[in-house]
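Asks: Sharing a model that was predicted from the sequence below.
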Amino acid sequence: MTASQRPLPKAELHLHIEGTLEPELAFELARRNGAELPWADPDELRAAYAFTELQSFLDLYYRLTDVLRTEQDFADLAEAYLRRAARAGVRHAEIFFDPQAHTSRGVELGTVVGGLVAALSESEQRHGISAQLILSFLRDLPAEDALRTLREAKPFLEHITAVGLDSAEVGHPPAKFREVFAEARALGLRCVAHAGEEGPPAYIAEALDVLGVERIDHGIRCMEDPELVARLVAEQIPLTVCPFSNVRLRCVDTLADHPLPAMLEAGLLVTVNSDDPSYFGGYVDDNFAGVRDALGLTEDQLRTLARNSFQASFLPPARKAELLASLGAP
Ligand SMILES: [Zn+2]
């Protein structure tokens with residue numbers, strides 16, 4: 001196999017484990033758990049994945065999480081992702097999970113974390129992928145709910161690297177979670193937040209200044225504010241961009257209109273990720289191929305994206321250096 005056929009080694013930093021649930025596995029888990037699904041078969045469910053905006057996506061997404069009930073379900077979900085990620089060239093993954101999507105329907109946090117950790121702890125040996133967990137809060141729920149979730153997570157902190165903030169952005173500014181993130185930082189957790197996807201550029205600055213996040217998820221709308229771009233470049237704040245997701249959720253009209261080349265050109269520390277790959281039409285290697293073809297990115301630019309992904313990770317320096325070296329000289 002030549003170098004050009006082998007997927008570039010990369011880190012995936014913006015991936016929701018619930019968003020990796022493929023129709024076939026959803027049906028298998030539903031059968032195993034005696035759960036009802038309103039679709040006849042995986043093909044009919046796959047057709048339902050053709051939603052047109054954020055709310056219809058979220059409705060389907062939360063409906064499907066109902067098949068995830070036991071520790072084994074979460075382990076199987078994570079193992080399926082890791083197996084696929086290995087083929088995509090992923091060598092390190094920082095994986096979001098949404099505790100509130102599960103505890104709200106009676107699944108205990110220990111069940112979720114236990115299942116995910118069972119798969120992740122074997123990942124380096126089985127798949128050559130180091131993996132970490134990011135506990136993410138649902139921003140459309142009250143801040144008190146997030147605070148309660150953070151406190152419930154205290155027995156599991158050895159398995160959790162960071163906290164994040166996701167779900168419907170507009171109307172739920174980062175400042176709503178000031179207290180939650182302050183408590184997370186005091187517990188020694190790293191902080192990231194979705195901002196500037198469908199929400200305004202001001203949410204990006206607010207996430208940095210009020211929540212103390214080290215990395216912005218999405219952040220594409222920073223391009224509307226040149227001063228903000230200058231700041232993100234100067235401080236080298238990583239942005240975890242998800243091109244397929246942006247198109248499917250209509251944040252960008254088509255892949256050919258995506259601001260990724262302009263973001264690279266501006267000197268932003270931008271990375272490419274898959275977000276919710278089973279819903280958005282592809283895994284991280286598909287996203288890399290998509291932006292290469294639609295935007296004409298060069299091999300050098302793709303390598304920069306891969307290098308940025310390791311640079312932007314929460315890996316300890318030695319593993320980061322090892323993975324950067326696997327990409328060759330800059
Ligand atoms: Zn996301």
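Replies: Looks like it came in fine. No experiment lies behind these values; they were computed from the predicted model shown.
Asks: list the buried ones in stretch 313-324?
Replies: Across stretch 313-324, burial judged by 16 or more other C-beta atoms under 10 Å covers 313-315, 320, 323-324. From N, CA and C alone the C-beta is placed, and that goes for glycine too.
Asks: Take those and keep only those in helices.
Replies: Judged by DSSP state H, helices contain the following of the buried residues of stretch 313-324: 320, 323-324.
Asks: Quick one: the helices in the stretch 51-200 of the chain, in order.
Replies: 54-64, 71-87, 99-103, 109-120, 123-127, 143-152, 178-186 (DSSP state H, counting those that start in this stretch).
Asks: So Ile95 versus Leu135, what's the distance?
Replies: 10 Å (C-beta to C-beta, to the nearest Å).
Asks: which residue sits closest to Glu36 in space, ignoring its chain neighbours?
Replies: Spatial nearest neighbour of Glu36, excluding adjacent residues (C-beta to C-beta, 6 or more residues apart in numbering): Ala30 at 7.4 Å.
Asks: For whichever strand or helix holds that neighbour, which helices and strands make contact with it?
Replies: Take DSSP states H and E as the rule and Ala30 turns out to sit in helix 23-33. On a contact count with 3 or more C-beta pairs under 8 Å, 6 or more residues apart in numbering; DSSP states H and E, helix 23-33 meets helix 42-48, helix 71-87.
Asks: CA atoms only for that helix, dumped as PDB, please.
Replies: C-alpha atoms of helix 23-33 as PDB (Å, rounded to 0.1, in the frame of the first residue of the first chain):
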ATOM      1  CA  PRO A  23     -29.200   1.600  12.100                       C
ATOM      2  CA  GLU A  24     -28.200  -2.100  12.200                       C
ATOM      3  CA  LEU A  25     -26.800  -1.800  15.700                       C
ATOM      4  CA  ALA A  26     -29.900   0.200  16.800                       C
ATOM      5  CA  PHE A  27     -32.100  -2.700  15.700                       C
ATOM      6  CA  GLU A  28     -29.900  -5.300  17.300                       C
ATOM      7  CA  LEU A  29     -30.000  -3.500  20.600                       C
ATOM      8  CA  ALA A  30     -33.700  -2.900  20.400                       C
ATOM      9  CA  ARG A  31     -34.300  -6.600  19.900                       C
ATOM     10  CA  ARG A  32     -31.900  -7.500  22.800                       C
ATOM     11  CA  ASN A  33     -33.800  -5.100  25.100                       C
END
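Asks: Doesn't Leu327 belong to a helix?
Replies: No. Counting by DSSP: H, G, I helix; E, B strand; the rest coil, Leu327 falls outside a helix, being coil.
Asks: count of residues packed around it?
Replies: If you count neighbours by other C-beta atoms under 10 Å, Leu327 ends up with 17.
Asks: Show me which helix or strand of this structure is least confident by mean pLDDT.
Replies: The weakest-scoring helix or strand in the chain, judged by mean pLDDT, DSSP states H and E, is helix 54-64 (a mean of 85).
Asks: now the residue nearest to Glu36: how far from Asp66?
Replies: Distance, Ala30 to Asp66, using C-beta to C-beta: 8 Å.
Asks: circling back: pick out the most distant pair among the buried residues of stretch 313-324.
Replies: Taking C-beta to C-beta, the two most distant members of the buried residues of stretch 313-324 are Phe314 and Leu324; they sit 14.5 Å apart.
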